Structure formats: C-alpha cells, structure tokens
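In: kindly generate the corresponding structure for this input.
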Amino acid sequence: MWALEVGENRAVSLLALHDAHVAFGDHPLLDGAQLSVQEGERIGLIGRNGSGKSTLLGILAGIAQVDAGQLQRRDGLRIAHVAQEPELPLAPTLGESLAARSDPIPGATGSSAAHGALDDPAYWQRAARLGEFLHRFGLESDRTMQGLSGGERKRAVLAQAFAQQPDLLLLDEPTNHLDIGAVETLETLLLLESPATIVITHDRAFLDRVTTRIVELDRGLLRSYPGNFAAYEARKTGELAAEETARRHFDRFWAQEEAWIRKGVEARRTRNAGRVQRLEQLRAARAARRDRPGSLRLSLDGGERSGRLVAELFDIGKRFGDRVVVEQLSLRIQRGDRLGIIGPNGAGKSTLLRLILGTLPPDDGRVELGSNLRIAYFDQMRAQLDPQRTVAETISPGSDWVETAGQRRHVVSYLGDFLFPARRAQSPVRMLSGGERHRLLLARLFAQPANLLVLDEPTNDLDIESLELLEQTLQDYPGTLLLVSHDRRFLDGVVTQVLAHEGGGQWREHIGGYADWAAQRARAAPAAAPSRERTPAPAAAFAPETRRRMSFRSLRELEALPREIEALEREQEALNSRMASPEYHRCGAEQIRADRRRAGEVATELEQKFARWQALEDERAHRA
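Out: Below is the predicted model:
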C-alpha cells in the first residue's frame, strides 16, 4: 500500500498535514491522516460519499480545524478555495458580485473607492486577469445576476479563483453543473496555468487528463497513488484483493481461537497464558478494524419487451418565444437502442426528452410512440420526490413490500441495497442529503419493471464506486435507454449512439459514444487547425539568425507522415463503418467498448500527427 507521507519527495512543500484527527460523534473522518502537497502537483482527492473529503479540503483552506494534529503552511501561501455550492452575493452585475466576494474590479460602485484601488496598478492587473478568465468561461463582468444558472455561477467563481493566481487551488466538485465544453475549458486552464491543485470530483475522464497523483480518503486514512486515475485503478484492484485475503485469514484464525477458548474443561486444562493474551489482542484488533463500507446493489428489471419501434420523430420543432430549441428533427428510436443526448447547458436536452416521451407537444411535426412501453424516468431536479413522505413510503406507498425481478422483498431490506439503514426507512425525505435523495430516486426507479429507461443527469452526487456500479448495471440492461449526461466516460461506457446539439436548434445523430462523436467532430474540422494548447510555437521564435536546413531525420519524418495518416484514416473509416451497422449493438458490450477505445486512440493519434505535420511544414517553409 502506498502510504502518503510528508516529505515523500524533495520538491518544495506548500503545506503538510501531520497526524490529523477529526470526528463527528463517534465517527472518525480523519484518523491519523498525513498529507504533503508539493509545488505543481495536481492531486485528485477521491473517496466514498460522507468519507470527509470536503471536510479535509476545508481544513486545508483554513475554514475548518482538526481535533488533533498539525497543519503547516509555507509563509505567504496564497490559497483559492471553490466550494461545492459557491455563493455569490446579490448585486446588479456579476462583476460587482465577485467584487463583494474579494477584491474589487472596475465598474464595481462604492467598494472601489472604499478600497482606494483605482490608483493601484496591481488592481487593474487583477481586474484584467479576471476579465480574461471570465471570457474564457464564456461570461462577462457586466452580465446581470438575474437568471444566472448554477453552471454560470460555478464558472464565474472558477474564473475568479484562477484570476487570483493562487499557489494552491482547492476545488470541491468543480465539474458539477458544468457542461462538457466548460469542463474541457477547466481542464485546459489547469494544464496551462499549472497551479498546485487538489480537486474532489467523480469525473474519471477529468481525473485522467488533469491529475498527477490520486489521494484516496478511505476509513480515515489518506493513501497516495502516483499517476492519473487509470494508474490508480490498476493498482487499487490488486490492493483490494490483497486486503480481502488478509481479512479472511484474520477472521478464520480469530474464529479458531474463539472456538478454543469456549471448549470448557478441556480448554481450561490446556490453556496457556500466552495464547489467552494473543486472543485478547485479536479481539482488540477486530474491534478496532474499520471494514470497507457497503456498496450499492443495483438490479434492473426490463419487464415485458416493448414493440420494435419505441419512438419516431417527424420533422419536429419547438420554440420558447424567440429561442429555438429544436428545428426540424427527425429521429427513430428502436428497441434496444442506447441514446446519449449531449449539448451545452441551456441547449434543451431535458426539453428534448419530454418531446420524445410525448409529455410536451411539439410546435411543428409529430411524435409517434411505440407499443407496450413501460417508462421509468429519472429527473435531475428530483421533482418526483415528495419531501413530506418517508423514505419507505416513497418506495412502496401503502405497503411494506416491494416486488422486483419477480421476487417479493420487504421495503427495509430493499432500501438496504441502496445503503439506507433500517432506522432511515421512516425518515422524511426532506431530512435527506443530496446524495441520499439521489440514491432514493434510483431505488424508486429500479423498484418497478421498465423497458424504457430515461435518465436525466443520473451521475450527480454519486461517488466513483457507485458510478461504476451504475454503469455496469446499465450495460447489462436489456431495454431501451435515453441518457442525458456530461460525464464523458460514463457516456462512452453506456451508450451506442449520440444525439448532439449543433446550435440553432439543430441536433444530429452519431454512431458510438462521446469519444466517437468527438473524433467525428475533429475530422469535420479543418485538418490543419489543431487546438490552441497543442499549436506549436512558430519556428522563427527559436531560429538563429543564420538559417539551417532541416535535419535528415525531420525530412524522413515529414515524408512518412502522409502514409501514416492515411493508414490511420483507413482504420478509422473501417471502425466507423462497422459501428454504423444496424446490427452492431448485437456484438456485445466488450467488443463495443474495445472499438470505442480504439476509435478514441485513433482520433488522438490523427490529431497529433496532423499537428506534427503542420509544424514540420512550417519549419521547412521557414528554412527554405
């Protein structure tokens, strides 16, 4: 096990946490935790819901205290902390609201003069930086606060955090409420600005791209794993297997010793003091051991098969005032399809779901639903939950029993599959946390058989372990699935086709998951226009006054690149052709995942080779 220790490398340490203890009642969140953060590190902090991740981040930010232990910070350390649900003070404009949170910015009335900031050059530099980062996140400081969405509020606070040029950036679930474009912007900024970062998130694609180290908070202890999330997964699998083996051996030996001590006369005759003392130590160790918490146990009942046609849309259109949400969309959804709907916040994804289900009539065109549909709908706003009902009544109104997959179970036993202890069954819904409400809605959804499953942002508030279990459950689901999500890896693991928003009310269907859609979008873009962060610096910026010819090695590489690109494009076309086959979904989940993985790899290689080709062509033109 890779235990995290202070001073584990010789880089400059920004802060160090020594032997930290924090407990709420008799439940320890930190139990002798150790942590050291170095300059330039990007740490992904992961753990089960309720394990204490946000508490730990608050301690590092200085807004909470440890019960015991010590926190050391470097002198003058600048920390920016973005909470899971950041607050913005009421103000006429976004700029004034951000000014009220910290330093003033131009245009903020009253507070600017109070601080005497207008004559300070550093003030204008900070204001310019804030404007730059707001623009990168698609916002302007003169934007009114009225109607500001949760995603826009999160983007504004993230922009302010970057503008402060912190030495250490603490982010608590920064990808919540963000669409895929905003998440990718955040990833790019973290890589370009390179502050030391500790981030709590369940977005595995984000962790893979950004982090240099994973730190897991597990039963009060912090364990460190070098590399990104993929490296953590590979190592963690072996650790859990070794832990389970050691636990079984311990329990077997302990049971043998307990059986020996209870043998009565025979045991008293053969009893020795050393063995009795060892048994007392075993009992103490067993009492102090903190086993891993339980996991969700999910199962989906597909019920009776629906008709072959689930839904068909004929040139439908939908507008709200001057805003066009859908324009002339035709779409056929058949039994067994797994459709992912992606697009920016406010594009109308939830509206599109309601149009498909027939609960919202279109302004133009028509929608036809198939036969024998049994629909289960997961609402991201959790509007289906009555806050006055108890947890048990929400699952099974008027009865103590639930029938799932042909089996009759007591509602308390069924709730246990979703990590609700028996004492919580009679708790009112209004007393539940966000994560508990999320699990309760899943429990209600899965309690009834359904051959059409509609999930609108089902991944929010789930920890990574529960997220992976939900993904696996959906992979085995025999019915039809409609999914709205901003989680790229979840989409890749579940859906077989994507309906993507392309602006102006236009939606287009693509075969495959998110990675396939991204690859197709990259192919549609000009090949010689790589993304900004990958654009090589002009060769002239580094060339000496006397021009030299390209090296023989570079010339050979330039000559070989077109052939390599053609080979990759042929492979990509073959993959796309196979995945576009109407019977492709019958290939099995393993083959589909392998094809998606390879399609993503090919798209990345193509992008890199086009960028390299452009760089070498620029170099050749400069040296000519």
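
In: please count neighbours and contacts with C-alpha atoms only from this point.
Out: Noted.

In: what kind of secondary structure is the closest residue to residue 82 other than its chain neighbours in?
Out: In space, not counting the residues next to it along the chain, residue 82 is nearest to residue 171; the distance is 5.0 Å by C-alpha to C-alpha, 6 or more residues apart in numbering. Judged by DSSP: H, G, I helix; E, B strand; the rest coil, the three-state class of residue 171 is strand.

In: what's the distance between residue 171 and residue 389?
Out: When C-alpha to C-alpha, to the nearest Å is applied, the distance between residue 171 and residue 389 equals 35 Å.

In: have a look at the two and say which one is more surrounded.
Out: residue 171 (23 against 16; other C-alpha atoms under 10 Å).

In: any figure for the gap between the more buried one and residue 136?
Out: Going from residue 171 to residue 136 by C-alpha to C-alpha gives 18 Å.

In: for the residue nearest to residue 82, give me its contacts.
Out: 81, 82, 83, 84, 197, 198, 199, 200 (C-alpha atoms under 8 Å, 6 or more residues apart in numbering).

In: please name the bridge partners of it.
Out: With DSSP bridges applied, residue 171 shows beta-bridge pairing to residue 82, residue 199.

In: assumed residue 86 was part of a strand.
Out: No. Using three-state DSSP, the secondary structure at residue 86 is coil, not a strand.

In: what's the pLDDT at it?
Out: At residue 86, the pLDDT value in this model is 85.

In: that one touches residue 158, doesn't it?
Out: No. With contact defined as C-alpha atoms under 8 Å, residue 86 and residue 158 do not form a contacting pair (9.6 Å).

In: those two - which one has more neighbours?
Out: For the pair residue 86 and residue 158, the greater number of neighbours falls to residue 158 (23 against 15), based on other C-alpha under 10 Å.

In: surely the more buried one is within a helix?
Out: Yes. Counting by three-state DSSP, residue 158 falls inside a helix.

In: ok, the closest residue to it other than its chain neighbours to residue 588 distance?
Out: Spatially, and ignoring its direct neighbours in sequence, residue 158 is nearest to residue 82 (6.8 Å; C-alpha to C-alpha, 6+ apart). Counting by C-alpha to C-alpha, the gap from residue 82 to residue 588 is 42 Å.

In: so for these two, which sits in the more crowded spot?
Out: residue 82 (21 against 11).

In: got the contact list for that one?
Out: 157, 158, 161, 170, 171, 172, 174.

In: where exactly do the strands run in the stretch 1-150 of the chain?
Out: 13-24, 27-38, 42-46, 68-73, 79-82 (DSSP state E, counting those that start in this stretch).

In: please identify which of those strands is closest to residue 132.
Out: Taking C-alpha to C-alpha as the measure, the strands of the stretch 1-150 of the chain were each checked against residue 132, and strand 79-82 came out nearest at 17.4 Å.

In: circling back: which of the strands of the stretch 1-150 of the chain sits most buried?
Out: When you average the neighbours per residue for each of the strands of the stretch 1-150 of the chain (mean count of other C-alpha atoms under 10 Å), strand 42-46 leads with a mean of 26.

In: would you mind getting the angle between it and strand 27-38?
Out: Here strand 42-46 runs at an angle of 170 degrees relative to strand 27-38 (axes from the mean of the first three to the mean of the last three C-alpha atoms, to 10 degrees).

In: ok, and what's touching strand 42-46?
Out: Counting by C-alpha under 8 Å, 6+ apart, strand 42-46 makes contact with 53, 195-202, 207, 210-217, 464, all of which sit outside it.

In: so, low pLDDT: which residues of the stretch 251-400 of the chain?
Out: Under the criterion of pLDDT under 70, the regions of the stretch 251-400 of the chain flagged as low confidence span 253-254, 257-258, 260-276, 278-296, 380-383.

In: mean confidence score for stretch 502-521?
Out: In this model, stretch 502-521 has a mean pLDDT of 89.

In: which positions within it qualify as buried?
Out: Taking 16 or more other C-alpha atoms under 10 Å as the basis for neighbour counts, the residues of stretch 502-521 that come out buried are 505-507, 509-517, 519-520.

In: now do that stretch: distance to the chain's middle.
Out: 20 Å (C-alpha atoms, centre = their mean, to the nearest Å).

In: number the chain from 733, please
Out: Will do, 733 is the new start, and the previous item becomes stretch 1234-1253.

In: find the centremost residue of this structure, please.
Out: Centrality entry for the chain: nearest residue to the mean C-alpha point is residue 935, 1.7 Å, by C-alpha atoms, centre = their mean.

In: from residue 1051, how far out is the closest residue to that one other than its chain neighbours?
Out: Distance criterion C-alpha to C-alpha, 6+ apart; nearest residue to residue 935, sequence neighbours excluded, is residue 1219 at 6.3 Å. Distance, residue 1219 to residue 1051, using C-alpha to C-alpha: 27 Å.
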